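Q: mind looking at a prediction? Sequence and model below.
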Amino acid sequence: MNPLIFREYDIRGIADEDFTEADVERLGRAVGTFLGRRGCRRLTVGRDCRLTSDRYAERLMAGLCAAGITATDIGVCPTPVLYFSIPHFRQDGGVMITASHNPGHYNGFKICQGLDSVHGDDIQRIAALIREEDFDSGTGVRRAADAVTPYTAHLTANLKLARPMRIAVDAGNGTAGPLAVPILRALAARSRRSTVRWTGPSRTTKPTPPWSKTCKISSPRCATAASIWASASTATATASAWSTSAAASSTATG
């Protein structure tokens with residue numbers, strides 16, 4: 001395992017090169033140990049649509065369960081859905097398998113204790129647990145839950161557009177594509193969609209394309225045209241902006 005994958009705010013590197021599937025299971029045990037010792041024993045686990053994410057999710061959850069964690073699999077979803085799922089399902093934290101804006105051959109892990117990002121020295125403490133093989137043991141439970149449906153319902157129930165809008169959505173075949181269009185249409189926005197199916201990242205666009213290139217999909221006939229682009233591992237700009245209010249409202253309403 002390349003020690004350089006342990007960064008300031010996440011754990012990220014080249015998939016199957018900087019870390020293997022066996023390393024991911026050890027990481028799951030370390031994360032489960034680290035959070036479990038802080039009283040966090042119920043975690044949601046989400047993943048993006050990168051081609052390595054499904055198998056990494058399997059190994060990560062195996063490691064979490066081996067450390068005595070109850071892991072709730074919320075499947076393929078944008079990162080804000082993972083954040084939303086923590087208060088919605090009354091969890092103690094979560095792990096998102098994603099490499100964010102990085103190219104498709106990367107992957108990584110964002111870790112939450114409650115709604116707070118595990119970062120800095122705590123990331124290095126997780127690395128130390130792996131080096132020292134200082135793992136707790138237990139018999140955890142794996143569950144599955146649908147977080148996308150309540151997330152979508154929460155947004156459409158709590159957000160209103162001041163006026164109808166025409167919005168172009170280029171999801172780059174990324175994770176947010178299947179969510180963006182129905183959410184926007186439910187909010188009375190007319191949407192023109194492009195590359196919204198999941199095919200893995202960077203099939204049609206780079207995770208961080210030039211703004212000028214992204215804007216080309218906007219129709220000149222639109223009175224109001226916005227290009228909302230989603231990377232392979234994150235939500236659309238819309239969902240990202242709304243995630244904080246969604247999580248906060250979910251916490252308040254239980």
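A: Perfect, I can see it now.
Q: the nearest residue to Asp92 once chain neighbours are set aside: what's it in contact with?
A: Nearest residue to Asp92, sequence neighbours excluded (C-beta to C-beta, 6 or more residues apart in numbering): Cys40, at 3.6 Å. Where you see a C-beta, it was placed from the backbone N, CA and C, and this is true even at glycine. Applying C-beta atoms under 8 Å, 6 or more residues apart in numbering, we find Cys40 in contact with 92-93, 113-114.
Q: distance check, Cys40 against Arg125.
A: In this view, Cys40 and Arg125 are 14 Å apart by C-beta to C-beta, to the nearest Å.
Q: in a helix, Ile111, correct?
A: No: Ile111 is assigned strand when assessed by DSSP: H, G, I helix; E, B strand; the rest coil, not a helix.
Q: which ones are touching it?
A: 10-11, 31, 35, 93-95, 117-118, 123, 126.
Q: among the residues you listed, name the buried ones.
A: 10-11, 31, 35, 93-95, 117-118, 123, 126 (16 or more other C-beta atoms under 10 Å).
Q: reformat these as TSV; add secondary structure and distance to Leu184.
A: Formatted as TSV, those follow (DSSP: H, G, I helix; E, B strand; the rest coil; distance: C-beta to C-beta, whole Å):
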residue	secondary structure	distance to Leu184
Asp10	coil	28
Ile11	strand	32
Val31	helix	34
Leu35	helix	35
Gly93	strand	30
Gly94	strand	26
Val95	strand	28
Ser117	strand	28
Val118	coil	32
Ile123	helix	35
Ile126	helix	37
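Q: redo the residues you listed as CSV? Include pLDDT and distance to Thr175.
A: Putting the buried ones among the contacts of Ile111 into CSV (pLDDT from 0 to 100; distance: C-beta to C-beta, whole Å) gives the following:
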residue, pLDDT, distance to Thr175
Asp10, 96, 16
Ile11, 97, 19
Val31, 98, 21
Leu35, 98, 24
Gly93, 98, 21
Gly94, 98, 16
Val95, 98, 15
Ser117, 96, 19
Val118, 97, 21
Ile123, 98, 23
Ile126, 98, 24
